[in-house]
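S.K.: Need coordinates for the below:
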Amino acid sequence: MPKFEYESQTEPSSAFFERRRLRRVRMIVELTLNLISSDRTVSHREARCLVDCARKAVLDLFPGFEARYERIVQPHFDRVLQHRWPEEELHYSSPHEMVN
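M.R.: Residues are numbered from 1 along each chain as shown. All right, here's what the predicted structure looks like:
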């Protein structure tokens, strides 16, 4: 098989998997935002833990995404947390803090 045919066959599948991972990131972020903003039984501490878990899941899908996550995704979470709990400061839990 010529080289150009092999490359053309692998490109669409890699683009497919990239779009799939981006859809998963979008779904993780949207579900977390919806849960925090709409479920009135979620405490501030639980919401912070949900944000931390969403961050970990996003960075597991895109390991080099830290700077972009902080610049693009984190402000959305900050805005929802500030709107829901205006008296609380934006403090993120340590990796050792867990909520059951």
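S.K.: what's the single longest helix in the protein?
M.R.: helix 3-38 (DSSP state H).
S.K.: Which residues belonging to that one are considered buried?
M.R.: Residues of helix 3-38 classed as buried: 25, 28-29, 32-33, 36 (neighbour count, 16 or more other CB atoms under 10 Å). All C-beta spots, glycine's among them, are computed from the backbone N, C-alpha and C.
S.K.: Columns distance to Glu70 and pLDDT on top of these, output as TSV?
M.R.: TSV is the format used below for those (distance: CB to CB, whole Å; pLDDT from 0 to 100):
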residue	distance to Glu70	pLDDT
Val25	14	96
Ile28	16	97
Val29	13	97
Thr32	16	98
Leu33	16	97
Ile36	18	96
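S.K.: And the next helix or strand past the longest helix of the chain?
M.R.: Downstream of helix 3-38, the first helix or strand assigned by DSSP states H and E is helix 44-61.
S.K.: In this protein, where is pLDDT below threshold?
M.R.: The chain contains residues with pLDDT under 70 at 1-12, 90-100.
S.K.: Please repeat the previous calculation with a cut-off of 80.
M.R.: Within the chain, the ranges that satisfy pLDDT under 80 run 1-13, 89-100.
S.K.: returning to that earlier point: let me have the buried residues of helix 3-38 in CSV, extended by distance to Arg71.
M.R.: Output for the buried residues of helix 3-38, formatted as CSV (distance: CB to CB, whole Å):
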residue, distance to Arg71
Val25, 14
Ile28, 17
Val29, 14
Thr32, 18
Leu33, 17
Ile36, 20
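S.K.: how near is the nearest residue to Ala57 once chain neighbours are set aside to Glu88?
M.R.: Taking CB to CB, 6 or more residues apart in numbering, and ignoring the residues beside it in sequence, Ala57 has Ile28 as its nearest neighbour in space, at 5.2 Å. From Ile28 over to Glu88 the distance is 23 Å, taken as CB to CB, to the nearest Å.
S.K.: likewise Ser37?
M.R.: Using CB to CB, we find Ser37 at a distance of 15 Å from Glu88.
S.K.: Likewise for Leu50?
M.R.: Using CB to CB, Leu50 is found at 14 Å from Glu88.
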